[in-house]
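# Below is the structure, and that's it, no one-letter string:
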């Protein structure tokens with residue numbers, strides 16, 4: 001049942017605002033209500049509704065944070081609304097039966113004493129009556145409201161007839177003031193053109209019940225509360241047999257009917273009653289009625305129905321909040337129900353809160369707060385429908401189709417504008433309170449299984465922008481690393497995962513894993529159960545990464561699959577990161593990682609298997625490992641090989657107070673090809689870029705880059721240094737250059753040179769503008785490689801991490817083991833080291 005229009009409210013509105021402004025108020029109020037009704041109907045017909053009404057709709061559409069916070073606001077709105085109507089009923093009772101001001105004893109029916117405490121007592125008794133009805137249950141409430149519906153319909157008909165049947169008369173008015181009482185006369189003129197003209201414009205005066213000066217916003221606030229019954233039906237959604245059928249039909253018909261009645265009453269009042277009567281006697285309809293007692297009964301019945309409706313609505317919202325466990329034990333008591341399913345404890349708790357609100361004492365004192373709460377709820381209902389519509393989810397297909405995103409947006413805008421017009425301070429305070437509730441629920445409430453509209457909206461927007469991301473418009477100025485890190489077991493790669501997260505520079509980051517199984521031999525996909533463990537790992541390590549798992553007969557085939565298929569549109573990995581292939585026993589770095597040291601012991605495993613024992617065979621051979629590197633380079637992917645990154649204690653390296661700050665050593669020369677010591681090829685520049693990207697990460701900004709320039713006697717080292725310094729200046733890379741003589745190292749190479757290692761196709765470098773693959777054209781001895789390793793190791797102080805040049809694998813696959821052996825010798829004992837080979841231009845000197 002929706003609230004019927006309260007005639008005294010209409011008289012109050014037109015008395016202060018005049019006919020023109022009253023019609024504007026009704027139009028604005030019902031425009032907001034109409035847009036909200038369309039949203040309510042759309043959500044109500046999109047699935048099964050349970051108890052909670054608007055709270056249930058919002059929480060299931062926008063998630064627990066919005067649902068819980070708006071649920072509390074809506075509960076408070078209904079509580080204050082119930083108190084508002086009880087105070088309105090007390091006002092009407094006192095007007096009819098109260099002892100006139102200035103008299104100690106009453107006469108006739110005027111026997112009720114008037115004072116703050118007496119009126120509080122009357123309100124308490126009336127509220128107790130509402131409580132009794134609500135405690136019995138929804139069935140007796142429905143019967144009571146149907147009886148009230150019949151009474152109000154008869155009264156409304158009587159009032160309309162009275163405007164035509166009653167002859168002009170003078171209505172004596174006695175009002176209390178500081179000097180005792182004030183006497184005035186209001187006039188019922190019957191239909192009069194001059195009366196209508198006098199009542200067209202607004203004449204705001206002091207409200208005699210509160211002593212406050214009225215304005216457009218304060219009158220609108222009182223009037224709007226007579227229109228808030230649109231949620232009465234949806235609040236009873238858990239008690240209706242067919243809510244998706246009843247709510248749209250009942251709500252729309254009630255809104256249309258009450259709008260017409262309000263406008264008709266406003267016109268009739270303005271045409272027949274003078275301004276004094278309208279402003280100084282809100283109960284004037286009794287005086288002009290053909291049967292005054294019936295009007296009194298109708299006013300009592302309408303306000304009592306509204307009070308009960310708000311009380312039972314508040315209890316259903318509180319019960320739904322408690323049942324969803326959003327506030328934990330704080331609302332546990334409200335879950336208790338009677339044998340018939342009536343939430344009696346929620347009703348009692350709601351009654352207690354209403355009783356507290358009654359202490360405010362005056363009707364118009366709390367009207368603006370109630371109105372703002374209702375407007376906030378209506379705005380959120382529109383927001384929920386707008387979000388569902390914009391998300392374009394296939395399962396959002398309400399049977400009620402008379403709405404669009406435009407109506408939702410207009411409803412939101414109308415609610416927000418009116419909130420701040422009524423009371424900027426109250427509106428701001430309400431939004432602040434809502435924000436606090438949102439934050440509290442976001443961090444404290446348990447996760448729900450209702451589905452999050454934010455995920456649907458994000459998906460919709462991401463898909464749209466991915467389609468707009470055109471790879472043909474890529475430019476080197478806006479290049480960023482997009483990483484695919486292959487992980488066999490996260491237990492042995494926790495710090496490497498964290499390190500690559502620092503290297504990605506807001507780019508794509510994918511954790512790849514290959515499961516060596518054959519789907520033909522399995523009953524179901526074995527990767528699905530593992531997905532949650534990997535996603536939990538990403539959350540726990542606090543890295544911004546996606547997870548991509550695949551099945552393959554070999555690791556090499558699996559990596560190929562991931563390189564071909566990972567990513568989407570313009571967001572695809574351009575850099576492959578591998579752990580180094582060596583014989584070191586893997587260490588469980590996951591248990592030692594800071595993200596897990598404070599966790600309970602049983603939370604650490606995350607479903608990952610134990611690490612491979614040192615004596616167990618590896619899942620891939622050395623030849624296959626180098627083949628993966630070669631495959632990535634053929635696919636024009638940059639390659640990073642990370643060695644001993646699990647020994648990198650980033651927190652200690654970067655936060656130690658001792659000076660000098662930690663360093664990053666960069667060797668942009670191919671140490672395995674001493675006859676081609678160039679610093680400006682594609683690979684060297686990519687290596688410089690990766691070191692610079694790491695240094696730009698927030699955690700590494702304190703570190704300093706140190707660039708090593710290998711020089712030989714007779715090669716003008718200072719000229720080379722100046723050339724390199726100019727290059728760094730052009731690239732905006734801040735680094736210290738250190739000259740390193742390596743005549744003794746290169747002498748070893750020329751003494752032991754043994755002929756070609758690579759094929760003839762590698763001897764020629766690519767033309768300018770095409771990706772350049774530096775290759776090993778001459779074989780180097782182990783003695784030379786060990787000397788190069790010693791040269792790198794001697795540079796002190798020891799850095800936090802080293803970046804070395806990774807040569808391209810030889811074309812002859814039989815030399816793969818030798819290639820890997822020399823990489824192992826080169827990086828042995830260096831600590832955290834990253835071998836880098838770049839195939840794409842990534843630096844730019846352009847603006």
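Structure's in. What do you need? All figures in this text were calculated on a predicted structure; none of them were measured in a lab.

# quick one: contacts for residue 17?
Listed by C-beta atoms under 8 Å, 6 or more residues apart in numbering, the contact set of residue 17 reads 25, 202, 204, 216, 219. C-beta coordinates here come from the backbone N, C-alpha and C atoms, glycine included.

# Can you flag which of those belong to helices?
Residues of the contacts of residue 17 located in helices (DSSP state H): 25, 216, 219.

# which SSE is the residue nearest the centre of the chain in?
The centroid of the chain falls nearest to residue 454 when counting by C-alpha atoms, centre = their mean (5.9 Å). Assigned by DSSP states H and E, residue 454 falls within helix 453-468.

# Now do the helix or strand following that helix: everything it contacts.
Next helix or strand after helix 453-468 toward the C-terminus (DSSP H and E): strand 483-486. Outside strand 483-486, the residues that touch it by C-beta under 8 Å, 6+ apart are 493, 496-497, 500, 503-504, 507-514, 545, 548, 559, 562-563, 566, 573, 575-579, 637.

# For the closest residue to residue 645 other than its chain neighbours, give me its contacts.
Of all residues beyond its chain neighbours, the one nearest residue 645 is residue 496 (4.3 Å), with distances taken as C-beta to C-beta, 6 or more residues apart in numbering. Applying C-beta under 8 Å, 6+ apart, one finds that residue 496 lies in contact with 485, 487, 577, 579, 642, 645, 646.

# Keep only those of those residues that are in helices.
Counting by DSSP H, no part of the contacts of residue 496 is found in helices.

# ok, so of those, who is nearest residue 197?
Relative to residue 197, the closest of these is residue 485; by C-beta to C-beta it sits at 81.2 Å.

# what residues are up against the residue lying closest to that closest one once chain neighbours are set aside?
Using C-beta to C-beta, 6+ apart and skipping the chain neighbours, the partner closest in space to residue 485 is residue 577 (4.3 Å). Going by C-beta under 8 Å, 6+ apart, residue 577 touches 483, 484, 485, 486, 496, 500, 639, 640, 641, 642.

# And the fifth one, how close does it get to residue 566?
This means residue 496. Using C-beta to C-beta, to the nearest Å, we find residue 496 at a distance of 18 Å from residue 566.

# what's stretch 202-211 in contact with?
Contacts for stretch 202-211 (C-beta under 8 Å, 6+ apart): 16-18, 20-21, 91, 175, 212-216, 219, 275, 279-280, 282, 362-365.

# Kindly check the end-to-end length of stretch 439-455 for me.
End-to-end distance of stretch 439-455 (C-alpha to C-alpha, to the nearest Å): 18 Å.

# Confidence-wise, which helix or strand of this protein is lowest on average?
None of the helices or strands of the chain scores lower by mean pLDDT, DSSP states H and E than helix 232-235, at a mean of 62.

# about what we covered before: report the two of the contacts of residue 17 separated the most.
Pairwise distances across the contacts of residue 17 (C-beta to C-beta) peak at 12.7 Å, for the pair 25 and 204.

# Give the residue from these two that has the larger number of neighbours.
Each of residue 25 and residue 204 has its neighbours counted (other C-beta atoms under 10 Å); residue 25 has more, 22 against 17.

# now that one: how far from residue 422?
The gap separating residue 25 from residue 422 is 11 Å, by C-beta to C-beta.
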